[in-house]
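**Student:** mind folding the following:
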Amino acid sequence: MAFIKLGDGSQIVVEENSLIVLETNNERLVVNLSLGDLNVKGESDTLDIKVNNETIRSQKSDLQLGIDEKKKTRIFVKKGEATLLD
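**Tutor:** So this is what the prediction gives:
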């Protein structure tokens, strides 16, 4: 398990056997989840998460996301709001 703490206080927890890529895009942090499980405890409204070519915008929310070997996606919003972008 790996913990990532962002400057705005948001936390990203990457579970074992997960693959992510962090990048920036127009002042936004983008977390690309390719495999495994990810938990986001957000204070940020500038965080996007890409899963299976879809982008989820976290809006100060707590999220659980996962993707398995068959590319089946799980998304659970525990608190706050998340938007699926076109």
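
**Student:** so how far is stretch 46-54 off the chain centroid?
**Tutor:** Here stretch 46-54 is found 6 Å from its chain centre; the criterion is C-alpha atoms, centre = their mean, to the nearest Å.

**Student:** and that stretch, how far apart are its ends?
**Tutor:** 16 Å (C-alpha to C-alpha, to the nearest Å).

**Student:** buried residues in stretch 77-86?
**Tutor:** 80, 82 (16 or more other C-beta atoms under 10 Å). In this view, the C-beta of every residue, glycine as well, is placed from N, C-alpha and C.

**Student:** near the closest residue to residue 14 other than its chain neighbours, how many other residues are there?
**Tutor:** Distances taken as C-beta to C-beta, 6 or more residues apart in numbering place residue 2 nearest to residue 14, at 4.4 Å, with adjacent residues excluded. By other C-beta atoms under 10 Å, the residues close to residue 2 number 10.

**Student:** just residue 38 next, same as before
**Tutor:** Using other C-beta under 10 Å, the number of residues around residue 38 comes to 20.

**Student:** need the nearest residue in space to it, chain neighbours excluded.
**Tutor:** residue 65 (4.8 Å).

**Student:** which element is the one you found on?
**Tutor:** strand 54-67 (DSSP states H and E).

**Student:** partner strands of that strand, with direction?
**Tutor:** strand 28-41 (antiparallel), strand 47-51 (antiparallel), strand 73-85 (antiparallel) (DSSP bridges).

**Student:** rebuild those as JSON lines, extending it with distance to residue 61.
**Tutor:** Formatted as JSON lines, the strands paired with strand 54-67 follow (distance: least, C-beta to C-beta, whole Å):
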{"stretch": "strand 28-41", "distance to residue 61": "7"}
{"stretch": "strand 47-51", "distance to residue 61": "9"}
{"stretch": "strand 73-85", "distance to residue 61": "3"}
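
**Student:** centre of the chain versus the strand or helix carrying residue 4, how much separation?
**Tutor:** Secondary-structure element containing residue 4, defined by DSSP H and E: strand 2-5. Averaging C-alpha positions (C-alpha atoms, centre = their mean) puts strand 2-5 12 Å from its chain's average.

**Student:** what distance do you get for the closest residue to residue 48 other than its chain neighbours to residue 19?
**Tutor:** Setting aside the residues directly before and after it, residue 48 is nearest to residue 30 in space (C-beta to C-beta, 6+ apart), at 4.8 Å. Counting by C-beta to C-beta, to the nearest Å, the gap from residue 30 to residue 19 is 15 Å.
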